[in-house]
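Peer 1: quick one, what's the 3D model for this:
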Amino acid sequence: MSPAEADLMLLDIARKVELYGIRMHTAKDHESVGLNVAVAHYGIIVFQNLTKINTFSWAKIRKISFKRKRFLIKLHPESQLYYKDTVDFYFDDRTRCKIFWKKCVEHHAFFRCATMDKVERRKKHFLSKGSSFRYSGRTLKEMVDHVRQAYVKRQTLKRF
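Peer 2: Numbers count the residues shown, from 1 in each chain. As a prediction, this is how the structure comes out:
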């Protein structure tokens, strides 16, 4: 097997591993049951003892937010699998909740948005409500378009 074929084989195997690239965050549900939540390219995943119990795809999610230790997922009305339109998770502290929320915003923007508008940052007000975090990098679509436009026939990689 050539080195290039070995690299492709490794990437194909990693792509099929369910938990590859996923970082678990400990949380609890409204009944104080210990859970792990993670964010992936297709949405937010909920695990209990490393067993996937639920997936909230980006298409089903209307809004994600956090308030102190509480992380909220608001669902579209037609996609409700629950008796309510809001699912909440409780983290150990506000910082962990905010970190998970930021990761969700970044993943959603990267994988689901076509482009990101550059928003100028205003001066912070002394009494501001909520977070002003915005994803500022390229999206997946922008990266793919850039690679297609800048594609140049490259020499084959020689390994020693």
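Peer 1: and stretch 47-55, what's buried?
Peer 2: For stretch 47-55, the neighbour count (16 or more other Cβ atoms under 10 Å) marks Phe47 as buried. In short, each C-beta sits where N, CA and C put it, glycine included.
Peer 1: tally of neighbours for Leu10?
Peer 2: Residues lying near Leu10 (other Cβ atoms under 10 Å) number 10.
Peer 1: quick check: which element contains it?
Peer 2: helix 3-16 (DSSP states H and E).
Peer 1: cool, Ile99 as well?
Peer 2: helix 94-112.
Peer 1: could you give the average pLDDT over that helix?
Peer 2: The average pLDDT within helix 94-112 is 88.
Peer 1: and the gap between the residue most central in space within the chain and Leu19?
Peer 2: The C-alpha lying nearest the average C-alpha coordinate of the chain belongs to His107 (Cα atoms, centre = their mean; 3.3 Å). His107 sits 16 Å away from Leu19, going by Cβ to Cβ, to the nearest Å.
Peer 1: secondary structure class of the spatially closest residue to Val46 that is not a sequence neighbour, three-state.
Peer 2: Nearest residue to Val46, sequence neighbours excluded (Cβ to Cβ, 6 or more residues apart in numbering): Asn54, at 4.2 Å. At Asn54, secondary structure determined by DSSP: H, G, I helix; E, B strand; the rest coil is strand.
Peer 1: for His76, see how far away Asn54 is.
Peer 2: Taking Cβ to Cβ, one finds Asn54 at 16 Å from His76.
Peer 1: would you list every one of the strands in this structure?
Peer 2: Assigned by DSSP state E, the strands in the chain fall at 25-28, 34-40, 43-48, 51-57, 61-67, 70-75, 86-90.
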